[in-house]
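Asks: Got a predicted structure plus its sequence, pasted below:
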Amino acid sequence: MGSSIEVARRFGANLRRERRRADLSQEEVGLLASLHRTEVGLAERGERTPRIDTLVKLAAALEVPPETLLDGITWRVGRTVRGSFRPTPESEVDER
């Protein structure tokens with residue numbers, strides 16, 4: 001998983017899967033998490049990456065551990081060059 005867009009999409013898919021498993025509507029999850037239903041919908045569609053407090057609220061509303069909503073999300077550590085910021089090309093990243 002390499003980009004913020006991919007992270008948001010994966011999170012959204014996990015959120016949708018758990019919401020459906022709990023047999024709740026977006027509105028019901030929003031109420032339980034003290035969020036507006038549109039926030040839940042944006043997250044499910046991968047249009048918004050939630051903040052950490054929102055992640056915790058959603059997990060609590062769905063009665064799942066927060067890591068369940070992070071399932072399959074990974075990030076590769078990049079390297080920086082002193083004095084500049086340049087993402088490391090994927091071909092140069094060491095696999096750990």
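Replies: Arrived safely.
Asks: May I ask which helix or strand encompasses the most centrally placed residue in the chain?
Replies: Centroid-nearest residue in the chain: residue 11, 3.3 Å away (criterion: CA atoms, centre = their mean). Element membership for residue 11 (DSSP states H and E) is helix 4-21.
Asks: Could I get the buried residue list for that helix?
Replies: Along helix 4-21, these residues count as buried under the neighbour rule (16 or more other CB atoms under 10 Å): 7-16, 18-19. In short, each C-beta sits where N, CA and C put it, glycine included.
Asks: Quick one: mean pLDDT for the helix or strand following it?
Replies: The first helix or strand that comes after helix 4-21 along the chain, using DSSP H and E, is helix 26-33. Across helix 26-33, pLDDT averages out at 98.
Asks: Contacts for helix 26-33 next, please.
Replies: When contacts are defined by CB atoms under 8 Å, 6 or more residues apart in numbering, helix 26-33 is touched by residues 19, 22, 24, 35-37, 39-41, 44, 54, 57-58, 60-62.
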